[in-house]
Each structure stands twice: as structure tokens, then as C-alpha cells.
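Visitor: please find the sequence and the predicted model below.
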Amino acid sequence: MKTETHIEQQGPVMARRSFLRYAGAGIAGVGLLTATSCVKDHRVMPNTGIDIGAKGDLAILNYAYALEQLEAAFYIQVAATPYSGITAAETALLTDIRDHEVAHREFFKAALGSNAIQALTPDFSSIDFSNRTKVLTAAQAFEDTGVSAYNGAGYLIKDATYLTLAGKIVSVEARHSAYMRNLITAGSFADNTIIDANGMYKAQTIPQY
């Protein structure tokens with residue numbers, strides 16, 4: 001499957017629906033909504049023919065797997081084609097993030113086994129990987145949206161083991177988000193665009209995607 005990735009920046013945080021739709025994971029979001037709210041056992045992602053699996057935890061894990069595939073592919077490209085002026089410190093940290101995302105991707109792939117959706121092949125041609133600002137802005141959007149997605153879908157996970165692991169993964173993703181934000185604008189790692197008045201990271205429920 002060839003999915004197309006366009007980065008649409010709408011304020012400090014990219015619109016979730018735009019992120020998911022253009023990343024190819026938005027289709028997974030639509031499928032997840034129906035899979036967790038309908039009585040049918042399986043749902044097929046519109047326009048792709050990809051079945052995200054049975055309702056419940058399998059659908060949620062496939063949703064997360066799609067997100068992690070996108071992030072892993074993005075950071076693999078960043079590491080392969082470093083942007084102009086990248087520092088040694090940035091190289092080291094972006095390489096670490098790449099490894100984290102690959103590990104997350106492989107975790108979901110293994111957990112899902114034969115129930116996993118097919119491997120996705122994002123098209124990042126709209127991102128100028130030679131431009132630091134473009135790369136970091138895209139990375140911030142991916143990370144902010146990824147955390148919001150985990151926060152919004154976490155309550156639907158029934159298996160306690162999966163819920164614990166998702167909590168561990170989202171805490172790492174939040175660290176990525178903070179790092180990207182601070183690289184772009186010092187001190188923005190926990191501003192009010194992502195943290196609400198109660199000191200909580202903002203979340204989007206599945207229907208809001």
C-alpha cells in the first residue's frame with residue numbers, strides 16, 4: 001500500500017484529522033471507530049481493503065501499529081538523510097528516537113502476529129528532509145499527535161498487560177514531543193497548546209479523529 005504524507009500545520013499542533021488522513025493512519029482511525037462501536041466482528045479500512053482486525057484490543061493495537069510504522073519510517077529517513085547543519089547532539093538524539101520508534105513498531109507487529117495489518121509504505125516526498133525547520137516541525141506534529149492518540153484511545157484497551165505497555169510507550173512518545181518542541185522553540189516543551197489547565201496532556205477521543 002502506498003500512502004501519502006503531507007504535513008499541514010494548523011497552529012502549534014497539526015490538526016489530528018489531517019495528520020491521520022495524510023499519514024495513511026487516518027483510515028485506521030476511521031476503522032477503529034467502527035470496530036470499537038459496532039457489533040460486527042471485523043471492519044475493513046475504507047479505500048484500502050485493509051482489515052484492522054476484530055473489535056476491541058486488536059483494532060486498537062493495529063491503530064497504534066499504523067502510527068508507529070509512520071513514525072519509524074520518518075525517523076529512519078531523517079537518519080539516512082540528515083538535514084543541513086545538523087549537530088552531533090541532534091544526530092545522536094534523533095538516532096535514539098529512530099531506534100525507539102522501530103522498537104515500538106516491532107512490539108506491535110509481534111503482539112498482533114497474524115492479526116497485524118500489512119506493512120505501510122508512507123510517501124514523505126512533500127517533506128524537505130534537507131531543511132531543519134521542515135523536519136523538526138514535521139517531527140513535532142507527529143509526536144504531539146501520537147501522544148494525543150494514545151491518550152484518546154487508551155481507555156478502550158481491556159487487557160491490563162497491553163494497557164501497561166501502552167502507558168510505557170506513550171511516556172516515551174511524550175519525551176520525544178518535548179524534545180522536538182524545545183529544539184524548535186526553547187521552553188515550549190510543556191506549553192498550553194498541549195497541556196490543559198489541569199496540568200494534563202490534551203487528548204482526542206476516537207470520534208474526534
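Guide: Arrived safely, thanks for sending. Numbering: from 1, shown residues only.
Visitor: show me what the helix or strand encompassing Ala66 is packed up against.
Guide: Ala66 belongs to helix 57-80 when assigned by DSSP states H and E. If you count contacts as 3 or more C-beta pairs under 8 Å, 6 or more residues apart in numbering; DSSP states H and E, helix 57-80 packs onto helix 26-37, strand 50-54, helix 88-112, strand 121-123, helix 132-153, helix 160-184. Any C-beta I mention is one placed from the backbone N, CA and C, and that applies to glycine too.
Visitor: please identify which of the ones you listed is closest to Leu67.
Guide: helix 132-153 (5.5 Å; C-beta to C-beta).
Visitor: next, the distance between the ends of stretch 126-134.
Guide: 10 Å (C-alpha to C-alpha, to the nearest Å).
Visitor: show me what counts as buried in it.
Guide: Buried residues in stretch 126-134, counted by 16 or more other C-beta atoms under 10 Å: 127, 129, 132.
Visitor: so which helix or strand of this protein has the lowest pLDDT on average?
Guide: Counting by mean pLDDT, DSSP states H and E, the chain has its least confident helix or strand at helix 26-37, which shows a mean of 38.
Visitor: now stretch 145-156 - C-alpha only, PDB.
Guide: C-alpha atoms of stretch 145-156 as PDB (Å, rounded to 0.1, in the frame of the first residue of the first chain):
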ATOM      1  CA  THR A 145      -0.400  13.800  17.600                       C
ATOM      2  CA  GLY A 146       0.900  10.400  18.600                       C
ATOM      3  CA  VAL A 147       0.700  11.200  22.300                       C
ATOM      4  CA  SER A 148      -2.800  12.600  21.900                       C
ATOM      5  CA  ALA A 149      -3.800   9.400  20.000                       C
ATOM      6  CA  TYR A 150      -2.600   7.100  22.800                       C
ATOM      7  CA  ASN A 151      -4.300   9.300  25.400                       C
ATOM      8  CA  GLY A 152      -7.500   9.200  23.500                       C
ATOM      9  CA  ALA A 153      -7.600   5.500  22.800                       C
ATOM     10  CA  GLY A 154      -6.000   4.100  25.900                       C
ATOM     11  CA  TYR A 155      -9.200   3.900  27.900                       C
ATOM     12  CA  LEU A 156     -10.600   1.400  25.300                       C
END
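Visitor: go through that stretch and flag the buried ones.
Guide: Here stretch 145-156 shows 145-154, 156 as buried, counting by 16+ other C-beta under 10 Å.
Visitor: how about TSV for these, with distance to Thr87 added?
Guide: Rendered in TSV, the data for the buried residues of stretch 145-156 read as follows (distance: C-beta to C-beta, whole Å):
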residue	distance to Thr87
Thr145	26
Gly146	24
Val147	25
Ser148	29
Ala149	30
Tyr150	29
Asn151	31
Gly152	34
Ala153	35
Gly154	35
Leu156	40
